[in-house]
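*Asks:* Structure for the following, please:
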Amino acid sequence: MTFINEHCRRNLRAIGALVVDEDGAEVLLGCTVAESAFLFDYAVRAAAQRTPADTLVYSQLLELHLSARLARLRHTCGAWRLALPEAGPSRSCP
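*Replies:* Just a heads-up that it's a prediction; the model follows:
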């Protein structure tokens with residue numbers, strides 16, 4: 001992804017949000033190159049440039065990306081659950 005700066009790239013990689021796909025391209029986890037580009041493009045647009053259709057696509061792609069990140073965390077950390085007061089103690093990821 002040539003359109004993100006190095007600081008952003010390092011941060012996204014550190015949290016597991018930016019990965020390299022099977023073709024060697026940087027993408028947001030769970031997204032294609034085109035989907036990743038759309039998410040970044042939408043995020044930097046002014047509100048007046050965002051159409052309702054684009055907002056819907058953005059929401060769907062963001063859900064896809066965040067679901068992939070959550071799945072990776074679950075896989076990495078094993079079975080875990082949110083630490084809610086009524087749920088009792090929970091496992092934390094090392």
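*Asks:* Run a quick neighbour tally on residue 29.
*Replies:* Using other Cβ atoms under 10 Å, the number of residues around residue 29 comes to 21. For the C-beta atoms, the positions are set from N, CA and C on the backbone; glycine is no exception.
*Asks:* Could you find the closest non-adjacent residue to it?
*Replies:* Setting aside the residues directly before and after it, residue 29 is nearest to residue 68 in space (Cβ to Cβ, 6 or more residues apart in numbering), at 4.6 Å.
*Asks:* so what does the strand or helix carrying that neighbour touch, helix or strand wise?
*Replies:* Secondary structure from DSSP states H and E places residue 68 in helix 52-77. Counting contacts by 3 or more Cβ pairs under 8 Å, 6 or more residues apart in numbering; DSSP states H and E, helix 52-77 packs against helix 33-44.
*Asks:* what packs against the helix it packs on?
*Replies:* strand 26-28, helix 52-77.
*Asks:* what residues are up against the closest residue to residue 32 other than its chain neighbours?
*Replies:* Nearest in space to residue 32, with sequence neighbours left out and distances taken as Cβ to Cβ, 6+ apart, is residue 21 at 7.7 Å. By Cβ atoms under 8 Å, 6 or more residues apart in numbering, the residues touching residue 21 are 27, 32-33.
*Asks:* go on, residue 38?
*Replies:* 57-58, 61.
*Asks:* As a markdown table, the residues you listed with pLDDT, distance to residue 13 and neighbour count would be great.
*Replies:* What follows is the contacts of residue 38, written out as a markdown table (pLDDT from 0 to 100; distance: Cβ to Cβ, whole Å; neighbours: other Cβ atoms under 10 Å):
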| residue | pLDDT | distance to residue 13 | neighbour count |
| --- | --- | --- | --- |
| 57 | 98 | 25 | 15 |
| 58 | 97 | 22 | 17 |
| 61 | 97 | 19 | 20 |
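*Asks:* If anything else comes up later, I'll come back, but that's it for now.
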